[in-house]
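1. Got a predicted structure here, sequence first:
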Amino acid sequence: MAVGRATRHDVPVDADLAALADAYGIATDFYDQSGVRHDVSRETVVAVLAALGVVVSDAESIAQARTERAMRDWRRALPPVFVVRAGDDALCWVHVRHGSAVRSWIELEYGGRLADLQQVDRWVDPVDVDGTLVGEATFALPKDLPTGYHRLRVEIGAANEPPAAASTDLIVTPRRIELPERLRTRRGWGFATQLYSMRSKRSWGIGDLGDLSDLASWSGESLGADFVLVNPMHASSPIAPMAPSPYLPVTRRFANPIYLRIEAVPEFAYLDEASRARVLMLADAFMALDSSPELIERDPIWTAKKAALIEVYTVGLSAGRRSEFDAFCVREGSGLDDFALWCALVETHGSLSNWPIDIDDPRADGVAAARVELASTIDFYRWCQWLLDEQFEHAQAAALAAGMAIGVMHDLAVGVHPEGADSWSMRDILATGMSVGAPPDMYNQIGQDWSQPPWRPDSLAEQAFRPYQNMLRTILRHAGGIRVDHVLGLFRLWWIPRGMPAGQGTYVRYDHDALIGILALEAERVGAVVIGEDLGTVEPWVQDVLQERGLLGTSILWFERDAQGQPLPPHDWREWVMASVSTHDLPPTAGFLDGVHVQLRHDLGLLTESFDDELAAHEREKQAWLDVLTRLGLVGAEPSTDDVVEALHRYVARTPARLISISLADAVGDRRTQNQPGTDQEYPNWRVPLTDAKGEVILLDDLGAVPLLQRLVRAVGLDLV
């Protein structure tokens, strides 16, 4: 047999390149979900390094890059940020000309100053930096520092020279965040819903924030629910086509105005007769879609809502409302300005790839002029975000007033659209030429490419994590909780060089202690619960970190198995999790029981095994669960589908999980999946309305009369066992 020449993907990574990659957090090998080790190709490693601004081609350039990386911190007095945990024994370093005296102190976030810090007797060999001998002074940080965003300042006194000053951010994060007091002695539960799919008689063909308020009020007051978990509310493109996936937004910080309840905007009451007639005509046309089982089409809905919003916008604001709007704009700052400008530029020039060169970068020459020329449109989009902020506030207030312990729980997507607002305004932080995804696993056997550019860990740290802080602060402002999709992305992300298959990427590490700590800090400030979606290839220590910091993990019944692959007994489940039977990446439980997911993946060509083998494996898995349910007395002989769905929820209720989530799709007997991972146009992801087992639309107004919903609520409404 002839032996072929090795492809570029087969070229191994040598020791020097591996050392350079490790210095930048780039993995040169990894273990898959089955525990099998894989080597990363040289081509992939070199491409990822280039995305981090490190271009290497041969041994000489690799050696030079290693030297530059080693000297980076020695060339500056302070790093861009120190992130520490409250109560830890923490040290900070200062680089100075060898032999120079150093003073350091802390200015606290809310005023006040901690006098000179104590220098630690810790010897570090000085380093020759471009002909100057540089030493390292070490200072101990007080263990009783309050949590918050402080400023560390130093004064360096070199011989025969006036003292030099330097400063950096000092972020002190909570050691641990706690559940709301009401959930420390009992279990909490709530509904999970794809808001766009959950419509009422007052919706414009898509679920909105008015519906969210009503669901929270009804489920909290009538059923005793503690939260409502919604899909990501992040903004999408303001022009067609609007990406249907809530997990592929143009920004993660700001929200999608398609979710606005037009009639709830205060200025709606002041429309003149003609304007009101035009808006009501639009409303009537789209409210007729609420009872349709056809797919949700966002583009015509947004066109109508935008037209209505423009009518309301022209009413103007009262003096008091104008003051509130101005305060909102000041609070959200340049991030809001840049997002609104991006929306205006998209309206004018289309997708980012078509923009003129003088505006294709936020610092380009034409951007300042565009801010002036498009001022009215920019103001409109800022106004839309203010309205969203108000309606989010109302939804959370309604939830708490109804007795919920948590209220509205938001969902944070992994990343953003490659041509979105963040990709334009944060291009110095995002890794161009890279896409986030996942290696082959149980969700998708050929790997996944989500097309989202990842944050550069080095650039994020250089900016003291401010973009991350700002994003979290905006989302959490009116939230009782946040679910972090693929929370492993705060530890490491699977980077795929553009043009390569999903399986030929590699993992890149992030400063998880800083990212988890800042998330905990922002959540603590508003009393929010944090859920980390920690499914997939998870190293055990990751779940330990989440629990240690007070973040709940995620348990999905279908994936909870013991070492032999059998259903995990309830008492062996983790306690510090939000548990559910299913997830939005699978069909609702009724459909899953019938193997809908196997048929769908077969039809889409996503199976690596034969259809018969996959279906047989599913039937064995289902039978294993039925055997367990029967043994525990949760189902009788020949149970109906509804009986099994209820029994599975009772099984989850027997676990020690602190929170239980009921999918609203499960509660009404829906069968169609909202999303099939690994597909784009092949399946109508994120466009399926809420229907019952017969495919008939279920409106929010009808939920109280659904028997299965009442059964599932009774199944999980139990105290901790």
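-> Yep, it's here.
2. residue boundaries of the strands in the stretch 101-250 of the chain?
-> Assigned strands in the stretch 101-250 of the chain, in chain order: 101-107, 113-114, 118-120, 127-129, 132-140, 148-157, 164-173, 188-193, 227-230, 234-235 (criterion: DSSP state E, counting those that start in this stretch).
3. make that the stretch 301-450 of the chain, sorry
-> Listed in chain order, the strands of the stretch 301-450 of the chain (DSSP E, counting those that start in this stretch) span 407-412, 434-438, 448-452.
4. so for the last one, what's the average pLDDT?
-> It refers to strand 448-452. Mean per-residue pLDDT for strand 448-452: 90.
5. Run through the neighbouring helices and strands of that strand.
-> Strand 448-452 sits against strand 434-438, with contacts defined as 3 or more Cβ pairs under 8 Å, 6 or more residues apart in numbering; DSSP states H and E. The way it works is simple: take the backbone N, C-alpha and C, and place the C-beta from them, glycine included.
6. could you check the angle strand 448-452 makes with the strand it packs on?
-> Orientation of strand 434-438 against strand 448-452 (axes from the mean of the first three to the mean of the last three Cα atoms, to 10 degrees) gives an angle of 140 degrees.
7. Report the strands that pair with strand 434-438, each with its relative direction.
-> Partner strands and pairing direction for strand 434-438 (DSSP bridges) are strand 448-452 (antiparallel), strand 492-497 (antiparallel).
8. what comes into contact with the last one?
-> Under the criterion Cβ atoms under 8 Å, 6 or more residues apart in numbering, residues 25, 27, 43-44, 47-48, 51, 414, 431, 433-439, 449, 454, 502, 504-510 lie in contact with strand 492-497.
9. now do the first one
-> Applying Cβ under 8 Å, 6+ apart, the external contacts of strand 448-452 come out as 247-248, 414-418, 435-438, 496, 501-502, 677-678.
10. Please repeat the previous calculation with a cut-off of 6 Å.
-> For strand 448-452, the external contacting residues (Cβ atoms under 6 Å, 6 or more residues apart in numbering) are 415, 416, 418, 435, 436, 437, 438, 496, 502, 677, 678.
11. just to revisit the earlier point, in JSON lines: the strands of the stretch 101-250 of the chain, plus mean neighbour count, distance to residue 84 and mean pLDDT.
-> What follows is those, written out as JSON lines (neighbours: other Cβ atoms under 10 Å; distance: least, Cβ to Cβ, whole Å; pLDDT from 0 to 100):
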{"stretch": "strand 101-107", "mean neighbour count": "18", "distance to residue 84": "11", "mean pLDDT": "95"}
{"stretch": "strand 113-114", "mean neighbour count": "14", "distance to residue 84": "14", "mean pLDDT": "92"}
{"stretch": "strand 118-120", "mean neighbour count": "12", "distance to residue 84": "15", "mean pLDDT": "94"}
{"stretch": "strand 127-129", "mean neighbour count": "14", "distance to residue 84": "24", "mean pLDDT": "96"}
{"stretch": "strand 132-140", "mean neighbour count": "17", "distance to residue 84": "11", "mean pLDDT": "96"}
{"stretch": "strand 148-157", "mean neighbour count": "18", "distance to residue 84": "10", "mean pLDDT": "96"}
{"stretch": "strand 164-173", "mean neighbour count": "19", "distance to residue 84": "6", "mean pLDDT": "96"}
{"stretch": "strand 188-193", "mean neighbour count": "27", "distance to residue 84": "31", "mean pLDDT": "98"}
{"stretch": "strand 227-230", "mean neighbour count": "28", "distance to residue 84": "31", "mean pLDDT": "98"}
{"stretch": "strand 234-235", "mean neighbour count": "28", "distance to residue 84": "30", "mean pLDDT": "98"}
